[in-house]
Every structure is written in structure tokens, then in C-alpha cells.
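Chemist: Structure here, sequence nowhere to be found:
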């Protein structure tokens, strides 16, 4: 069941273009300096795709996830298994922050502001253990951190809206998108429901700048969701979607997909792909309804 999908929902069956394949489990795609960056979980690698050229950026032993950039151009990389955020200056990979004292379970996705503040979530529990609530931590540009939100149900992909004044977080096991106001000091307030997604489990998300958020669903489609929960578009896929991002112009949606989810199966099958959907092919412009 898809929450509030109606006859107004545009169901898209245009094929995607596969731009990278043979990956273990691609995640956390980011558009930066005219190129697509993403993490590949079980090869422990961060890649950059520019044109048709796929290059290894850095290897992360603790399994890379969320990515972002500091104002000076250094890359931040979430290291999931050891609950750290690492800093890569193009040559060396060093610890930026160790949040293991305040976070439970593997670290997960991250969003970084233009001022260099980062928001990071975690599973909240180890795989196979009972589900527990998690937290969000805010990292400063010097690596100092503090907890800024609690009682999050598997916080995952995040986006900044309204020029960085609003943070929206996908709560995968909460089946919703949750919004916060972002203060000048980076602290969060005004927590509220942005969209109830029914049975959908939102993973990675991406803002289109037109009032919509594209949602990877851990299923064979992605959704475009408006505030309040209306589904404006649904794009069918041949594999499950786990994250997505738009290019700088907003012409293309890049989607991380995989046929598998379990670590061993991902490493054996290498079904992971980066798929590209041409948003210009949509018959209606993406505007807030």
C-alpha cells in the first residue's frame, strides 16, 4: 500500500539508463562539482562517476555510508561499523569525529550544510536485535558534536530545505518523513510530521527544489512526495531502490538500486546499479500542487 497515492499520481514507466553496475550495494549518492559520488557498502569504497568514467576515490575499512563536503573541499565519510565520521583531504583519510559514546548501532546517512555542520543518524540497534529508537548528532566543522534529536526510528536519508532552514529526515522504520527547523546555531526545534508514508519504508531521499522530495522505498519504485503526504509521481524500477539524488540542473534523478539486501548475497550477486532517470521526460513539470 502506498500512502495517499491517487488518480492524480503520475505513474511513470519510462525506462531508466544504467550508468554503473556490478556494485555490491550502492548508497548515499551525492552530486558534487559536476560528478556523482556514492558509497559501495561491501567493497568498502567511495566512487566518483563523471561522464562514463568510474573512479575509486577512497577505501573505508569500516564500511562507507553518508557523504558530504566541508567548505574547504574536504570530504566527510560516515564509517558505519566503528561509528566514526572520517575526513578525506584528497590524500589522507583521518578521523573527524568518534560518536560511539552517544550512538547505538551502525552509523548511517549524513547531510552536510554549506557552513560545514553535519547531521548524522544511526540504526539505533544492531542487526538481529530488537528495534530501538535512535538519535541525530550534529557535528561542527572542527569535529565537536552534540545530540540534537532523540526518539528517531531508524533515521536515514536527510535533506535541507528552504536554504538550510529546514531539515527533513527519513525515518525508515517509522514510515515517515520528519521535519525540524534549523536554528542559526544548528540546533533543531519544531519537530513535526512532514509526510506519513503508510507502509512505505523511506531510505535515501532527495529534494527537487520544487516542493517535492524523491524517496527511495526499499522496493521497486521511487516516489515523489509533497509535504502532507501526497504522492505526485511514482517511477517503476526493475530492482529495489535505496537512495537517490538529482544532478545540479535537476534534469536527471540518479537512483541506487540492488536486487539483494543481505551482505553475503550483495557480495556474491553484485547486482548493485546506479540508474539514471531523465526527469525532462515527464509530461508535467514538477511543481508543488
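Modeler: Happy to help now that I have it. All values reported here derive from a predicted model rather than from experimental measurement.

Chemist: dump the residue contacts of residue 75.
Modeler: 37, 46, 57, 58, 67, 68, 69, 87, 88, 89 (C-beta atoms under 8 Å, 6 or more residues apart in numbering). For the C-beta atoms, the positions are set from N, CA and C on the backbone; glycine is no exception.

Chemist: Would you quantify the distance from the fourth one to residue 98?
Modeler: When C-beta to C-beta, to the nearest Å is applied, the distance between residue 58 and residue 98 equals 18 Å.

Chemist: now do the first one
Modeler: Residue 37 sits 23 Å away from residue 98 when distances are taken as C-beta to C-beta.

Chemist: same check, this time on the third one
Modeler: Applying C-beta to C-beta, the value for residue 57 to residue 98 is 22 Å.

Chemist: Could you check which of these two has the larger neighbour count?
Modeler: Taking neighbours as other C-beta atoms under 10 Å, residue 57 and residue 98 compare with residue 57 leading, 19 against 16.

Chemist: these two touch, right, that one and residue 49?
Modeler: No: contact criterion C-beta atoms under 8 Å: residue 57 and residue 49 do not qualify, at 10.3 Å.

Chemist: any residues in contact with both of those two?
Modeler: Common neighbours of residue 57 and residue 49 (C-beta under 8 Å, 6+ apart) are residue 37.

Chemist: quick one, helices of this protein?
Modeler: Per DSSP state H, the chain carries helices over the ranges 263-269.

Chemist: hey, which helix or strand in it has the poorest pLDDT?
Modeler: The helix or strand of the chain with the poorest confidence is strand 10-12; it has a mean of 84 (mean pLDDT, DSSP states H and E).

Chemist: now the strands: where do they sit in the stretch 51-200 of the chain?
Modeler: Under the criterion DSSP state E, counting those that start in this stretch, the stretch 51-200 of the chain contains strands at 53-59, 64-69, 75-79, 84-88, 93-98, 107-112, 118-122, 134-139, 145-152, 155-161, 166-171, 176-182, 188-196.

Chemist: burial count for the nearest residue to residue 66 once chain neighbours are set aside?
Modeler: Once flanking residues are discounted, residue 66 sits nearest to residue 110: 3.0 Å by C-beta to C-beta, 6 or more residues apart in numbering. If you count neighbours by other C-beta under 10 Å, residue 110 ends up with 24.

Chemist: pLDDT weak spots in the stretch 151-289 of the chain?
Modeler: Counting by pLDDT under 70, the stretch 151-289 of the chain shows low-confidence ranges at 283-289.

Chemist: just checking, residue 269 touches residue 259?
Modeler: Yes: assessed by C-beta under 8 Å, residue 269 is found in contact with residue 259 at 6.3 Å.

Chemist: what's around residue 190, how many residues?
Modeler: 10.

Chemist: I figured it was touching residue 181, is that so?
Modeler: Yes: under the criterion of C-beta under 8 Å, residue 190 makes contact with residue 181 at 3.9 Å.

Chemist: Identify the bridge partners of residue 252.
Modeler: residue 278 (DSSP bridges).

Chemist: And it, how close does it get to residue 96?
Modeler: 30 Å.

Chemist: just residue 220 next, same as before
Modeler: Counting by C-beta to C-beta - residue 220 and residue 96 are separated by 36 Å.

Chemist: I'd assumed residue 266 was in contact with residue 240.
Modeler: No: using C-beta under 8 Å, residue 240 makes no contact with residue 266, being 11.4 Å away.

Chemist: Now do the shared contacts for those two.
Modeler: Counting by C-beta under 8 Å, 6+ apart, the residues touching both residue 240 and residue 266 are residue 258.

Chemist: neighbour-wise, which of the two wins?
Modeler: Set residue 240 next to residue 266 and count neighbours by other C-beta under 10 Å: residue 266 wins out with 22 against 19.

Chemist: So the more buried one sits against residue 25, correct?
Modeler: Yes: counting by C-beta under 8 Å, residue 266 does reach residue 25; the two are 4.5 Å apart.

Chemist: Count the neighbours of residue 147 for me.
Modeler: 12.

Chemist: Setting aside sequence neighbours, what's the nearest residue to it?
Modeler: With C-beta to C-beta, 6+ apart, the residue lying closest to residue 147 is residue 135, at 5.1 Å.

Chemist: quick one on the thing from earlier: quick check, nearest of the contacts of residue 75 to residue 162?
Modeler: residue 68 (18.6 Å; C-beta to C-beta).

Chemist: That closest one pairs with what?
Modeler: residue 76.

Chemist: The closest residue to residue 203 other than its chain neighbours pairs with what?
Modeler: Nearest residue to residue 203, sequence neighbours excluded (C-beta to C-beta, 6+ apart): residue 216, at 4.5 Å. Note on residue 216: beta-bridge partners by DSSP bridges are residue 222.

Chemist: Thanks a lot, catch you later.
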